[in-house]
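Peer 1: fold the following for me, if possible:
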Amino acid sequence: MRAPSALLPILAALLLGPGIAHAQSIEIEILGLDEHEEARENVLGTLSVFRYRDDSMGEPRLRRLHARAGSEIRQALRPFGYYAPETESEIEAEEEGWRLRYRITPGPRVQLTQVIVRIEGDGADDRAFMRALQEMPIRENQPLNHQHYEDAKSTLLAIADRRGYIEARWEQRSLLVDPETLSARAILILDSGPRYRFGPVTIHQDILSDSFVQRYVRFEEGEPFDADRLLGLQYGLSDSEYFNFVQVTPQRDQADEDRRIPIDVEVSERPKHRYTASIGYGTDTGPRYGLGWDYRRINQYGHRGALGYSISDVRRATELRYIVPLDNPVQERLVWDLNTIREDRGDFLSRRNEFGVGRTTVQWNWLQTVFLRYERERSIFDADNQPVSEIVVPGVTWSRTRANDPTFPRRGLSLSLDVRGAREEFLSDLNFFQTTLRAKRVQPAGEDNRFLIRLELGGTGTENFDRLPLSQRFFTGGDQSVRGFAYQELSPVDDDGRRVGGRYLAVSSVEFDRRLSGQWYGAAFVDAGNAMMSFSESLETSAGVGVRWASPIGMIRMDVARPLSDPDRGWRFHLTVGPDL
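Peer 2: Next comes the predicted model:
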């Protein structure tokens, strides 16, 4: 006998349950933990009624899970030191579902009355362990937090592994809680055992001289093991331009009787030649185009070469470089270069040929480049005024950059100091001495804000300024200096009103950035600066607003700025792409 079709929905509801017949929502409220968000989230994640909630849950199951809430809340609060909470639970039926409310009084927290953390064995005097002991997240007379205790254990074991204490083991590890007295004792005693040492390093490659590749190994066999130095080896080889893939593996299970760990390095070579093409745009330069060729391995000693050609509205250059790695190929190199450069500086052209050599090293965490350059430059003011200068310029540049994020730093500092000069006694047409200082700081201001502060100072000493090549004079204005003005617009002028460059440079800027949404930021800034013949001359000032986008290819900045020192001038648009530091 068939059931009448009108009865089918009723039968389905009886068989499948009221939750299917009438979909209902479940709202959960946690009250009393507003000042401890982490504990609140843990309570919510522990509640069975929250983890298994869905619109099809029937009332009997909902009430069963609700009944568990008291014990689950107590369990969820213990990791944060709350061992005596009080809980009130309510369940209310509403028109469209259910509302579950849990009022929690967490009560007093368990206090750590005794904390014993000690390292025994060879690691007792290891600075890494000593520093970790000073920064332990668990301390006496502080509230108990189980995660801090687990973090302390993990930290000590990670140091042991990183520093070569392969036989490290716990002498004692315990967390004893007395709920009656709301007190706890934490004990962590680690026996580090002996510290292992570096064994031989084997780098599997056949494209370069073994003696050259071994220069990347900046530790000696028999020195104490340190995983950070292995990481430095991996980074050095990966950044060397010679290899696509680098894997550094300490063979701990093959340590010999002298506790020396052999190091195995697997690499795969990069193609010997790389060809590049680039296109870009900036409001200072207009469209930019470039072609490049890198010769990554000229010989088995790691010598490299590069040839590049670039062109824009203001600059055209052909640049040839020959790079020789030195004793420490990661930090030390000798660079020979030969360049032909044409620059449009607004009221004149500069055409120069350069040949030079520079030695780059790292000194006291500063990148130092000592250089010697020969420059022959023709400065073209007009058809009748095209002086040619020849100078031999020795100099040195120190630079240093630190940032918490290379793409969009919230905290960072960039410094550089360039000192150079020339003497007639050393094959130059004139005497001069020049110093340029550049500094930029990024400082956070709350969760979504930051300040960018920039300063540039430069000065030239010479008795023959009129003979000084244009490339050695100071100009400013544009995207990267004083916004609101055109590229290199700010400069002293001659009797004919042509910008000829200055002896001195002073530029400063203060910018405030605020996150708008996601990777988009708004900016407001004030710039001031000028290129001058005397520091007593006034600075030009400007102000503006902009938008920043932290894109996958780097920071993109769009600004509009207007001179304050010349209010009759209008707004100027600036577009730049690149890192902040």
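
Peer 1: host element of residue 66?
Peer 2: Assigned by DSSP states H and E, residue 66 belongs to helix 59-67.

Peer 1: what do you get for residue 153?
Peer 2: Counting by DSSP H and E, the secondary-structure element that holds residue 153 is helix 146-162.

Peer 1: next helix or strand past that helix?
Peer 2: Beyond helix 146-162 in the direction of the C-terminus, DSSP H and E gives the next helix or strand as strand 169-178.

Peer 1: put the alpha carbons of whatever helix or strand comes next after that following strand into CSV.
Peer 2: Read in the C-terminal direction, the helix or strand following strand 169-178 is strand 183-191, with elements assigned using DSSP H and E. Provided in CSV are the C-alpha atoms of strand 183-191 (Å, rounded to 0.1, in the frame of the first residue of the first chain):
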residue,chain,number,x,y,z
SER,A,183,50.7,27.8,43.5
ALA,A,184,53.0,26.1,41.0
ARG,A,185,56.6,24.9,40.7
ALA,A,186,58.4,24.7,37.3
ILE,A,187,61.6,22.7,37.0
LEU,A,188,63.7,22.4,33.8
ILE,A,189,67.2,20.9,34.1
LEU,A,190,68.8,20.0,30.8
ASP,A,191,72.0,18.1,30.6
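
Peer 1: so where is this protein shaky, pLDDT-wise?
Peer 2: For the chain, applying pLDDT under 70 flags the ranges 1-24, 55-56, 345-346, 383.

Peer 1: please parse it into its domains.
Peer 2: 17-105, 111-191, 197-269, 318-577 (automatic domain parsing).

Peer 1: so can I have a markdown table of those domains showing mean neighbour count and distance to residue 308?
Peer 2: For every residue, glycine as well, the C-beta is placed using N, CA and C. Output for the domains of the chain, formatted as a markdown table (neighbours: other Cβ atoms under 10 Å; distance: least, Cβ to Cβ, whole Å):
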| stretch | mean neighbour count | distance to residue 308 |
| --- | --- | --- |
| domain 17-105 | 16 | 53 |
| domain 111-191 | 16 | 41 |
| domain 197-269 | 16 | 15 |
| domain 318-577 | 17 | 5 |
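
Peer 1: list the contacts of whichever strand or helix holds residue 368.
Peer 2: Element membership for residue 368 (DSSP H and E) is strand 366-380. The list of residues contacting strand 366-380 from outside it, by Cβ atoms under 8 Å, 6 or more residues apart in numbering, reads 348-362, 386-400, 427, 469-471.

Peer 1: same question, stretch 144-153
Peer 2: Contacts of stretch 144-153 with the rest of the structure, by Cβ under 8 Å, 6+ apart, involve 78-81, 109-112, 117, 136-138, 173, 175, 177, 184, 186, 188.

Peer 1: try it again with 7 Å
Peer 2: Contacts of stretch 144-153 from elsewhere in the structure, counted by Cβ atoms under 7 Å, 6 or more residues apart in numbering, are 79-81, 109-112, 117, 136-138, 173, 175, 184, 186, 188.

Peer 1: nearest to residue 569, out of the residues you listed: which one, please.
Peer 2: Residue 569 lies nearest to residue 137 out of the contacts of stretch 144-153, by Cβ to Cβ, at 57.3 Å.

Peer 1: tell me who's in contact with that closest one.
Peer 2: Shown here is residue 137, whose contacts under the criterion Cβ under 7 Å, 6+ apart are 148, 151-152.

Peer 1: between the residues you listed, which is closest to residue 505?
Peer 2: Ranked by distance to residue 505 (Cβ to Cβ), those are led by residue 151 at 50.2 Å.

Peer 1: residue 418 pairs with what?
Peer 2: Beta bridges link residue 418 to residue 397, residue 436 when assigned by DSSP bridges.

Peer 1: now it: how far from residue 371?
Peer 2: Distance check for residue 418 against residue 371: by Cβ to Cβ, to the nearest Å, it reads 10 Å.

Peer 1: got it, and residue 60?
Peer 2: Applying Cβ to Cβ, one obtains 83 Å for the distance of residue 60 from residue 371.

Peer 1: same check on residue 394?
Peer 2: Summarising the geometry, the distance separating residue 394 from residue 371, computed by Cβ to Cβ, is 7 Å.

Peer 1: got it, and residue 315?
Peer 2: Distance, residue 315 to residue 371, by Cβ to Cβ: 21 Å.

Peer 1: do a quick rundown of the helices in this protein.
Peer 2: With DSSP state H as the definition, the chain shows helices at residue ranges 8-16, 18-21, 37-46, 48-51, 59-67, 69-77, 127-134, 146-162, 210-213, 227-238.

Peer 1: so which of these comes closest to residue 283?
Peer 2: The minimum distance between residue 283 and these falls on helix 227-238, with 35.8 Å, by Cβ to Cβ.

Peer 1: dump that closest one to PDB, restricted to CA.
Peer 2: Provided in PDB are the C-alpha atoms of helix 227-238 (Å, rounded to 0.1, in the frame of the first residue of the first chain):
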ATOM      1  CA  ALA A 227      73.800  25.600  12.700                       C
ATOM      2  CA  ASP A 228      73.700  29.400  12.100                       C
ATOM      3  CA  ARG A 229      77.100  29.200  10.400                       C
ATOM      4  CA  LEU A 230      75.700  26.400   8.100                       C
ATOM      5  CA  LEU A 231      72.800  28.700   7.300                       C
ATOM      6  CA  GLY A 232      75.300  31.400   6.400                       C
ATOM      7  CA  LEU A 233      77.000  28.900   4.100                       C
ATOM      8  CA  GLN A 234      73.700  28.100   2.400                       C
ATOM      9  CA  TYR A 235      72.800  31.700   1.900                       C
ATOM     10  CA  GLY A 236      76.300  32.500   0.600                       C
ATOM     11  CA  LEU A 237      76.200  29.800  -2.000                       C
ATOM     12  CA  SER A 238      72.600  30.500  -3.000                       C
END
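
Peer 1: show me how far the helix holding residue 153 is from its chain's centre.
Peer 2: A distance of 26 Å separates the C-alpha centroid of helix 146-162 from that of its chain, computed with Cα atoms, centre = their mean, to the nearest Å.

Peer 1: what angle do that helix and strand 183-191 make?
Peer 2: 10 degrees (axes from the mean of the first three to the mean of the last three Cα atoms, to 10 degrees).

Peer 1: just the C-alphas of helix 146-162, formatted as PDB.
Peer 2: Presented in PDB, the C-alpha positions along helix 146-162 are these (Å, rounded to 0.1, in the frame of the first residue of the first chain):
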ATOM      1  CA  HIS A 146      51.300  26.500  30.500                       C
ATOM      2  CA  GLN A 147      52.300  27.700  27.000                       C
ATOM      3  CA  HIS A 148      55.200  29.800  28.400                       C
ATOM      4  CA  TYR A 149      56.400  26.600  30.100                       C
ATOM      5  CA  GLU A 150      56.200  24.700  26.800                       C
ATOM      6  CA  ASP A 151      58.000  27.600  25.000                       C
ATOM      7  CA  ALA A 152      60.800  27.400  27.600                       C
ATOM      8  CA  LYS A 153      61.300  23.700  26.900                       C
ATOM      9  CA  SER A 154      61.200  24.100  23.200                       C
ATOM     10  CA  THR A 155      63.700  27.000  23.300                       C
ATOM     11  CA  LEU A 156      66.300  25.100  25.300                       C
ATOM     12  CA  LEU A 157      66.000  22.000  23.000                       C
ATOM     13  CA  ALA A 158      66.200  24.200  19.900                       C
ATOM     14  CA  ILE A 159      69.400  25.800  21.200                       C
ATOM     15  CA  ALA A 160      70.900  22.400  22.000                       C
ATOM     16  CA  ASP A 161      70.100  21.100  18.400                       C
ATOM     17  CA  ARG A 162      71.400  24.300  16.800                       C
END
